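Student: Build me a model from this:
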Amino acid sequence: MSYPAERVSLGRRFAALMVDWLACYFIVTAISGGIGATAPNRPLNVLGLFFAQTLILSWLQGATLGHRIFGIKIVRYLGGGAISARQALIRSSLLVTVIFAITFDEDGRGLHERLSQSRLVRT
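Tutor: Predicted structure coming up:
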């Protein structure tokens, strides 16, 4: 049995992603000396923090900061329960590659969700 098919719109997904990315960007920028400071590894640091934040919050809370703000949650595709650490790792790893996050299937799930057997639902 699958979770009720209430799709999360692409706009809501993108807005939540932007909140998460900007939060990571501002944290790394604040730690590395501010906006005007030269930090050669800043993009990789932001990506690393984004990956860690997505992995940990998805696994432990079922939602990142952006998901909570926009009223969405990550659940198992079958049954609708909380995702496992393995599912969170697969989902986060594929999300940071971007191509998996922007390629959707017929159910409106990104390939990172399909391969991790998870989905986003509205709360």
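Student: Now tell me which helix or strand of the protein has the poorest mean pLDDT.
Tutor: Least confident element among the helices and strands of the chain, by mean pLDDT, DSSP states H and E: helix 111-116 (a mean of 88).
Student: Tell me the buried residues in the strand or helix carrying Ser92?
Tutor: Here Ser92, judged by DSSP states H and E, is contained in helix 85-95. If you call a residue buried by 16 or more other Cβ atoms under 10 Å, then helix 85-95 has these buried ones: 87-95. Yep, even glycine has a C-beta here, placed from its N, CA and C like the rest.
Student: Quick one: list the elements packing against that helix.
Tutor: helix 42-61, strand 72-76, helix 111-116 (3 or more Cβ pairs under 8 Å, 6 or more residues apart in numbering; DSSP states H and E).
Student: out of the ones you listed, nearest to Arg7?
Tutor: Smallest distance to Arg7 across the helices and strands packed on helix 85-95 (Cβ to Cβ): 10.5 Å, for strand 72-76.
Student: Can you tell me what sits against that closest one?
Tutor: Here strand 72-76 makes contact (Cβ atoms under 8 Å, 6 or more residues apart in numbering) with 3, 8, 12-13, 16, 58, 62-63, 67, 81-83, 87-88, 91, 117-123.
Student: Drop anything exposed from these.
Tutor: Buried members of the contacts of strand 72-76, scored by 16+ other Cβ under 10 Å, are 8, 12-13, 16, 58, 62-63, 67, 82-83, 87-88, 91, 117-121.
Student: what about the longest helix in the protein?
Tutor: Looking across the chain with DSSP state H, the single longest helix is helix 10-31.
Student: Measure how far it is from the centre of its chain, please.
Tutor: Distance, stretch centre to chain centre, for helix 10-31: 10 Å (Cα atoms, centre = their mean, to the nearest Å).
Student: returning to what we had before: any idea of the angle the helix holding Ser92 forms with strand 72-76?
Tutor: 120 degrees (axes from the mean of the first three to the mean of the last three Cα atoms, to 10 degrees).
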